[in-house]
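Undergrad: let me see the structure of the following:
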Amino acid sequence: MEKTFRCGLFGWRPRSLQWLATKQTYIILYSILGLVQGMGHSYLSTVLSTIEKQFGIKSQEAAWIFSGNEISQICFILVLPFLSKIKKRPLWTSVALLLSSFGSFLCALPYLVKDKTQYEGGWYTNTQNTEDIICGSNATRPDTHANMDDGYARDWLGIAFIFIGFFLSGIGSAFFLSFGLPFIDDNMSKKNSPFALSLVMASKTFGPALGSILGGGVLKIFVVPGEGEELDEGEPGWLGAWWIGFVVVSALIASFAPWLSLFPEKLPSDGATDAKKIDVPKDEDADSSKGYITSTVVCLKRLVRNKVYMFNSFSSLFLLFGFTGFATFGPKYFEYHFRQNASTSGSLNGVSRSLGAATGILLSGFLIGKYKFRARTIAGWNLLVAGVLAAGFFVAYNLSCPKLEIYGGIGTVSSCQAGCGCDESSFQPTCSLDGRTLFLSPCHAGCRTHIQEDHEQDGRTKSISLYNDCSCVEEASMALNSSKATPWWKEADLKSPLSRLSVSDPISGAVGGYCPIDEDCTNKFYFLIGLFMVTGCMVASSKLGNQLLTLRSVAPEDKSASMILMISTVSLFVLLPSPVIVGSLMDNICTVWGVQGGQTTNCLLYDTDLMRTTLFTFAGICIIVSTLLDIGVWYYCADINIFEEDDADEEMKSKTMEYPN
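TA: Next comes the predicted model:
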């Protein structure tokens, strides 16, 4: 067996490794790495709001920091002129993934080197004692926020480490997609290629489910494991262990990536493959700088003049533009609009989308390989899926919970607060005993006294702050004609936390924390999760067909170039600006900002109605434009042959039967 087809590294290619030089082994290893890569992408979305809280950054600032991944993929287009010289694609992919592993570890480094004493007693809660935020106390209390050190609110060095980490991770993602998928398609027969690609794409799609589960799990752990036992998730002082997942992803990539470097330039195969077709002598001038530039320009011209490739690429660009921003801030939408904990919103959002997507990709791979659908049939299915997706988003747009708003508004001083001296930067949500009316803090509720009550929940003793003599609560109770609700904080399994008690006197008490959500809002949340799972399955069923249309519409020697061009374009025009734009939109609908060290930090409360309409309108417009471009793909793809050599084999068999020896 010649060196090109032998497993090993450089001159070391022992006989004992050659049993690994199979397409099946490569696909299994590549699928595992795809799964881990997918974990890293969804894990970030799950812990995004916690990272914003840790570093005191706004949504738009967070999007810029995480754009390091996209910036490195944009730079990847510089590889295009040297593509013809890169023969050992598995080796280079392995090296890039090891860089990605190091980058993931860098993201956790800010915590690992941080002074852990600042987390004692909860995240920043050492400056917000209950005695300091009741009515009358703030009038004489010094501004503890202003006395804090600025570095305590913004860890710029830690933010820089995270940016560099994502930059390195983007290199691994770029090589993984640009070299990995074409390598599989080149070394497989057209008949087996769809299902092989579906396995890899499904693993990369299923990875986000595991990443979301991992993110949801670590966010249930306090940032310093073993501490914070007096706090519960969702309380102001709680900060989840956001850093653990980055270490896990880093270790997994580092465990599997080196094995990829041992695979040969080409995989052994008995049949005809594109890997053999493109093994032709090169022009003698190809090694010169002029040859690099000329071959690159010729390749780009072929791709730009390819109507199917261009329509398909622009369709994907618009669809991803809408989905990237939505997916990045989707967990935050669930967290605030449906009043879910960060761990619950992040994990369920990722799991619902990933499970449905993985199922859709595997099913489409099996059906396309079995029935050998024509290009127009595949493109027609993509149009149908776009219609279903638009309908699903229209339904989701109309699923809403009661708006989360502060009674009396923000920045206004009502007569019931006279003399309280409330600090607008102290956000300590406080709910009237009616279970519906929310105040910015006990001071804004006009509460003058408080007590602490201990209650047993899930085997733990939880301390609850109860406030009395609340003038603004009493005023709101009379204005809204509200009655006292069943004490929801005492009963963990209460089916209807907002059931009313027959009390005619005005309410003058409150309890610390957000008001409870009603059962209808919870049901809408789980319905939306199910809806996303179904639409995710439908959308994913079109991804493989979409990928096949791209790979079959270009010449075999242009496959990697088409992937590199697409990845760099997507990174520049989609993955980089989309989260920044959506992050800016999210910041614009913030109603309460955190303040630390005299600086405005992360958002504490959003206008949840505007959040819903903004996110779904943004994504919906992009879906409509993408659908119109899909019509162009359907129109021009009639001449594309998805199963080229299989049709040739059938033609040869028919001729043999017609002219027997």
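Undergrad: please make it C-alpha for all contacts and neighbour counts, starting now.
TA: Fine.
Undergrad: now do the strands in the stretch 401-550 of the chain.
TA: Using DSSP state E, counting those that start in this stretch, the strands of the stretch 401-550 of the chain run over residues 430-432, 438-439, 447-457, 460-470, 510-512.
Undergrad: oh, that last question was meant for the stretch 551-661 of the chain, not what I typed.
TA: 590-596, 599-606.
Undergrad: among the ones you listed, which is nearest residue 519?
TA: Evaluated over these, closeness to residue 519 peaks at strand 599-606, with 21.5 Å, by Cα to Cα.
Undergrad: hmm, who's touching the closest one?
TA: 52-53, 56-59, 150, 153, 336, 404, 427, 587, 589-595 (Cα atoms under 8 Å, 6 or more residues apart in numbering).
Undergrad: around residue 98, how many other residues sit close by?
TA: 24 (other Cα atoms under 10 Å).
Undergrad: how far off centre is the helix or strand harbouring it?
TA: Residue 98 is located in helix 89-112, with elements delineated by DSSP states H and E. Centroid displacement of helix 89-112 relative to its chain, using Cα atoms, centre = their mean, to the nearest Å, is 19 Å.
Undergrad: now it: mean pLDDT?
TA: Regarding helix 89-112, the rounded mean pLDDT is 92.
Undergrad: what of stretch 481-489?
TA: Per-residue scores along stretch 481-489 average to 84.
Undergrad: buried sites along it?
TA: Neighbour-count burial for stretch 481-489, counted by 16 or more other Cα atoms under 10 Å, picks out 482, 483, 484, 485, 486, 487, 488, 489.
Undergrad: a markdown table for these, including distance to residue 248?
TA: Output for the buried residues of stretch 481-489, formatted as a markdown table (distance: Cα to Cα, whole Å):
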| residue | distance to residue 248 |
| --- | --- |
| 482 | 50 |
| 483 | 50 |
| 484 | 47 |
| 485 | 44 |
| 486 | 43 |
| 487 | 41 |
| 488 | 38 |
| 489 | 36 |
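Undergrad: in helices only, show me those.
TA: Taking DSSP state H, every one of the buried residues of stretch 481-489 sits outside helices.
Undergrad: show me which of these is closest to residue 33.
TA: Out of the buried residues of stretch 481-489, the member with the shortest distance to residue 33 (by Cα to Cα) is residue 489, at 44.8 Å.
Undergrad: and the closest one, its phi and psi?
TA: phi -70, psi -10 (degrees, to the nearest 10).
Undergrad: ok, it - contacts?
TA: residue 464.
Undergrad: from the chain's centroid, how far away is stretch 369-382?
TA: 29 Å.
Undergrad: other SSEs contacting the helix or strand containing residue 183?
TA: Residue 183 belongs to helix 181-186 when assigned by DSSP H and E. Applying 3 or more Cα pairs under 8 Å, 6 or more residues apart in numbering; DSSP states H and E, one finds that helix 181-186 contacts helix 193-218, helix 274-277.
Undergrad: got the CA positions of stretch 89-108 in CSV?
TA: The C-alpha coordinates for stretch 89-108 follow below in CSV (Å, rounded to 0.1, in the frame of the first residue of the first chain):
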residue,chain,number,x,y,z
ARG,A,89,-6.1,17.5,5.5
PRO,A,90,-6.6,15.3,8.5
LEU,A,91,-3.2,16.4,10.0
TRP,A,92,-3.9,20.1,9.6
THR,A,93,-7.5,19.6,11.0
SER,A,94,-6.0,17.9,14.0
VAL,A,95,-3.5,20.7,14.7
ALA,A,96,-6.3,23.3,14.3
LEU,A,97,-8.5,21.4,16.8
LEU,A,98,-5.7,21.3,19.3
LEU,A,99,-5.5,25.1,19.1
SER,A,100,-9.3,25.1,19.6
SER,A,101,-8.8,23.0,22.8
PHE,A,102,-6.3,25.5,24.1
GLY,A,103,-8.6,28.3,23.3
SER,A,104,-11.4,26.7,25.2
PHE,A,105,-9.1,26.4,28.3
LEU,A,106,-8.2,30.1,28.0
CYS,A,107,-11.9,31.0,28.4
ALA,A,108,-11.9,29.4,31.9
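Undergrad: residues in contact with it?
TA: Counting by Cα under 8 Å, 6+ apart, 161-173, 175-176, 179-180, 183, 243-244, 246-247, 249-251, 253-254, 257-265 sit against stretch 89-108.
Undergrad: switch the cut-off to 6 Å
TA: Stretch 89-108 is contacted from outside by 161-162, 165, 168-169, 171-172, 175-176, 179, 243, 246-247, 250, 253-254, 257-258, 260-261, using Cα atoms under 6 Å, 6 or more residues apart in numbering.
Undergrad: still on that earlier bit, starting at the chain centroid, how far to the helix holding residue 183?
TA: Worked out by Cα atoms, centre = their mean, helix 181-186 lies 26 Å from the chain centre.
Undergrad: counting neighbours, which bits of that helix end up buried?
TA: Buried positions in helix 181-186, judged by neighbour count with 16+ other Cα under 10 Å: 181, 182, 183, 184, 185, 186.
Undergrad: and which of those residues is nearest residue 358?
TA: So of those, ranked by how close each gets to residue 358 (Cα to Cα), first place is residue 181, at 16.8 Å.
Undergrad: what's the neighbour count on the closest residue to that closest one other than its chain neighbours?
TA: Closest residue to residue 181 apart from its sequence neighbours, by Cα to Cα, 6 or more residues apart in numbering: residue 197 at 7.2 Å. For residue 197, the count of nearby residues is 24 (other Cα under 10 Å).
Undergrad: can you count the residues close to the nearest residue to residue 230 once chain neighbours are set aside?
TA: Once flanking residues are discounted, residue 230 sits nearest to residue 462: 7.3 Å by Cα to Cα, 6+ apart. Per other Cα under 10 Å, the neighbour tally for residue 462 reads 19.
Undergrad: what's the answer for the one 5 residues further on, then?
TA: Burial measure for residue 467: 25 neighbouring residues, criterion other Cα under 10 Å.
Undergrad: and residue 398, how many neighbours?
TA: Residue 398 has 11 neighbouring residues, counting by other Cα under 10 Å.
Undergrad: tell me the confidence at it?
TA: According to the model, residue 398 carries a pLDDT of 92.
Undergrad: quick check: it vs residue 612, distance?
TA: Distance of residue 398 to residue 612, computed by Cα to Cα, to the nearest Å: 9 Å.
Undergrad: so, low pLDDT: which residues of the stretch 451-600 of the chain?
TA: Low-confidence segments of the stretch 451-600 of the chain, defined by pLDDT under 70: 457-460, 491-504, 596-598.
Undergrad: other residues contacting stretch 158-173?
TA: Taking Cα under 6 Å, 6+ apart as the rule, stretch 158-173 contacts 65, 68-69, 72-73, 96-97, 99-100, 103-104, 106-107, 110.
Undergrad: kindly recompute the last result at 7 Å.
TA: The contact list for stretch 158-173 (Cα atoms under 7 Å, 6 or more residues apart in numbering) reads 65-66, 68-73, 96-97, 99-101, 103-104, 106-107, 110.
Undergrad: now that stretch: buried residues?
TA: In stretch 158-173, counting by 16+ other Cα under 10 Å, buried: 158-159, 161-173.
Undergrad: now, these that are in strands?
TA: When DSSP state E is applied, these are split such that none fall in strands.
Undergrad: ok, now how distant is the residue nearest to residue 505 when sequence neighbours are not counted from residue 511?
TA: Residue nearest to residue 505 in three dimensions, not counting chain neighbours: residue 483, with 8.0 Å by Cα to Cα, 6+ apart. Separation of residue 483 from residue 511 (Cα to Cα) stands at 15 Å.
Undergrad: and residue 320, what helix or strand is that in?
TA: helix 307-337.
Undergrad: fine by me, thanks again.
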